[in-house]
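Colleague: Mind looking at a prediction? Sequence and model below.
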Amino acid sequence: MSENTFDLASREILHVADVVAREKSIDRDEVLDAMEQAIQKAGRSKYGHEHDIRATINRKTGDITLMRCREVVEEIENDLTQLTLSQAQAINPALKIGDILTEPLPPIDFGRVAAQTAKQVIYQKVRDAERGRQYREYKNRIGDIINGVVKRVEFGNVFIDLGKAEGFLRRDEMIPRETFRVGDRIRALIFDVREEQRGPQIFLSRTRPEFLVKLFTQEVPEIFEGIIEIKSAARDPGSRAKIGVYSHDPSIDPVGSCVGMRGSRVQAVVSELQGEKIDIIPWSQNVATFVVNALAPAEVTKVVLDEDQNRIDAVVPDEQLSLAIGRRGQNVRLATQLTGWNIDILTEAEEMEKRNEEVKTRSKLFVEALDVDEVIAHLLVGEGFTKIEEIAYVPLDEILSIEGFDEDLAKELQNRAVTYLEDKEKHNQKRIKDLKLQKELTDLEGLTSSLLVSLGEGGIKTLDDLADLAADELLELLPRQDLTESQANDIIMKARAHWFEGESIES
């Protein structure tokens, strides 16, 4: 665009707008709006910045109209931009309060300085429009892989030319030990786009699991078509990765499809990830099966699920222990990320010792609480009973199903369990009173009397005391309570609720 843009004929203004719009991939009207603002700025420079000078360009003919605008008001505060009703009606009787009187001005003869100023305004507005287009375009591409050329490298961070924009690959989003030079071609995942003063910032990554998933989508047609689905993925960038795959068509092997003929498909992904080893795991809706698969190449002989704690014990032979854990815990860590379950690796001897300890602890509880001998206590534990509450409130038939138990014994056990819980509740209520816990704390939903006693004994006596805790701190205070991290977080968030009451109204 030359300095003499505004000396062009009307038809040439439209031509310039078309060319700029095409080159910058922005809307033609946005270019014409920028031209109008430039002409307005030049007009105010000539007639005075205090005046309300407006310019319009006819979208069909390219004709420029320059006008001075004044508002019709009852009382004038600024005689350069306002006029009274009587003054306005002397010019145009149809005008009324609130209307705008427009008076045409002669065309501007742009001098060199004015033309340069106008040119800068146009460039600025076109640049803003271009940035807006880039932001909208790349915001919609978050999660996609993009190709680019390394433009420059600063302090290990890489700036990438994406054609119509620039991407930013931070050092911590690069695979360890990989280096790039100016001119290198690069593929990366768009994981965030932010609108900032210097233009849209496009943040890229090569370390995130989503990048691995997208690479497989590009290499495996069955994934692209939706026949095979990658259910989850976990990565230790540059070292090892695991993906869980599932086929919606029983006749297609998801693992074989991802591996490809002689490993061609998986090898293409491995090459892109600097030799990162990839374990392709068949996904299963059965958690135990999926965990066993995820711990490959280790062989798992037994799994024990604890759904309340979202934890699973995987039992392996002694000689498989190091393989299951992996170097620096890599194998079990990736399996945990892949499955979403906390996995504990135990040898068969450790598992047996742990189970014996649990049986001993639960049996002792039943012996003391129900006043029964160890034989009956062991039978209850063997049938899966873990708490006194379960014995007190399960249907009588479940206790009767235990071999050797008759109806009288089952009823007596339930009665003793109910009595024990009632006595325990009375003791807890007395202890809560002695500890002088705040009523707001004792009324909080989700806190049992046993939890309240443990809190009070740990020095937590008010709602704010509880609200100030983190989940791990709360769990440390309640070592004897059967509480998960998720439940601990829920309790803390309920305790904090009063902090935010009325906040939305005030704001």
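Modeller: Yep, that arrived.

Colleague: Could you measure from residue 334 over to residue 298?
Modeller: According to C-beta to C-beta, to the nearest Å, residue 334 and residue 298 sit 12 Å apart. Quick note: C-beta positions are derived from backbone N, CA and C, even for glycine.

Colleague: Which residue ranges of the stretch 1-150 of the chain form strands?
Modeller: For the stretch 1-150 of the chain, the strands defined by DSSP state E, counting those that start in this stretch occupy 53-57, 64-73, 82-84, 100-104, 145-154.

Colleague: Deepest in the core, which of those strands is it.
Modeller: Here the criterion is mean neighbour count by mean count of other C-beta atoms under 10 Å, and of the strands of the stretch 1-150 of the chain the winner is strand 53-57, at a mean of 19.

Colleague: Just name whatever secondary elements that strand is in contact with.
Modeller: Judged by 3 or more C-beta pairs under 8 Å, 6 or more residues apart in numbering; DSSP states H and E, the packing partners of strand 53-57 are helix 28-47, strand 64-73.

Colleague: Give me the residues contacting stretch 156-164.
Modeller: 25, 134, 137, 146-153, 166-171, 174, 180, 186, 188, 202, 204 (C-beta atoms under 8 Å, 6 or more residues apart in numbering).

Colleague: Residue 353: how many residues sit nearby?
Modeller: Neighbour count of residue 353, defined by other C-beta atoms under 10 Å: 12.

Colleague: before we move on, back to that, output the strands of the stretch 1-150 of the chain in TSV; the columns should cover mean pLDDT and distance to residue 307.
Modeller: Formatted as TSV, those follow (pLDDT from 0 to 100; distance: least, C-beta to C-beta, whole Å):
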stretch	mean pLDDT	distance to residue 307
strand 53-57	85	69
strand 64-73	86	70
strand 82-84	87	74
strand 100-104	84	70
strand 145-154	92	37
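
Colleague: Could you report the pLDDT at residue 158?
Modeller: Residue 158 carries a pLDDT value of 92.

Colleague: Confirm that it sits in a helix.
Modeller: No - secondary structure assignment (DSSP: H, G, I helix; E, B strand; the rest coil) places residue 158 in strand, not in a helix.

Colleague: Show me how the record splits the chain into domains.
Modeller: Using automatic domain parsing, the domain parsing of the chain gives 5-134, 141-205, 284-377, 378-499.

Colleague: Can you lay out those as TSV showing distance to residue 247?
Modeller: Output for the domains of the chain, formatted as TSV (distance: least, C-beta to C-beta, whole Å):
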stretch	distance to residue 247
domain 5-134	39
domain 141-205	23
domain 284-377	12
domain 378-499	32
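
Colleague: Least confident of those domains, on average?
Modeller: domain 5-134 (a mean of 76).

Colleague: Run the chain-centre distance for that one.
Modeller: Centroid separation for domain 5-134 versus its chain: 45 Å, with C-alpha atoms, centre = their mean, to the nearest Å.

Colleague: What residues of stretch 442-449 count as buried?
Modeller: Neighbour-count burial for stretch 442-449, with 16 or more other C-beta atoms under 10 Å as criterion, is recorded at 442, 444, 447, 449.

Colleague: The first one and residue 271: what is the separation?
Modeller: Residue 442 sits 62 Å away from residue 271, going by C-beta to C-beta.

Colleague: Please apply the same query to the third one.
Modeller: In this structure, residue 447 lies at 56 Å from residue 271, with C-beta to C-beta as the measure.

Colleague: Equivalent analysis for the second one, please.
Modeller: Using C-beta to C-beta, one obtains 56 Å as the distance from residue 444 to residue 271.

Colleague: Then residue 206?
Modeller: Distance of residue 206 to residue 271, computed by C-beta to C-beta: 13 Å.
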